[in-house]
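Q: here's my sequence, what's the structure:
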Amino acid sequence: MKFSLTKLKAAFGNPRAMEKLHVDDHTEAIINDFDQEPFAVSDDNVLYAGFNELGGYYFMQTIVIGRFHVKTFKGATLEINAENLHIKLNSDMMELESEYSNVSNRSISKIDFQIEKQDLKIIQTSKISEIKLTSKKQSVSFTLYKKKI
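A: As a prediction, the model looks like this:
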């Protein structure tokens, strides 16, 4: 049987430990619900991403699942920070609206970002340190997902 100090503290009613345990379980539940491996994670959200080309234009297609919820006509930005790189991408559509699920208590936000071909190659070969998604007054910082062994 495997015990963790956080779970033990939560069992004795430590509010911080209970909150941390909830966040960990929430993020893990999202990851376990999907077959695809996440691109990045935050405390309350999981970011899935893929790259696509349509008619000579390149897109970074993202899906954010978790507590990030947006309804805006001003679009979103995605900042990618790597070793010697800082790229700021704008959403290809200005009107964005998350879908909310009462059952799972999660929001699903599908946002596409237009990207230049040369930036695409740089992103795929760089060691990304942080990804920051901003829309309206919300901002979420993600770190690359590292699969647990």
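
Q: mind checking which helix or strand the residue nearest to the spatial centre of the chain is in?
A: For the chain, the residue sitting closest to the mean C-alpha position, by C-alpha atoms, centre = their mean, is Leu47 at 2.7 Å. For Leu47, the host element (DSSP states H and E) is strand 45-54.

Q: who are the packing partners of that strand?
A: helix 15-32, strand 40-41, strand 57-66, strand 138-144 (3 or more C-beta pairs under 8 Å, 6 or more residues apart in numbering; DSSP states H and E). Just so you know, the C-beta spots here come from the backbone N, C-alpha and C atoms, and that holds for glycine as well.

Q: break this structure down into its structural domains.
A: The chain breaks down by automatic domain parsing into domains covering 1-32, 37-144.

Q: could you give the separation of stretch 59-79 from the chain centroid?
A: In terms of C-alpha atoms, centre = their mean, to the nearest Å, the centre of stretch 59-79 is set 9 Å apart from its chain centre.
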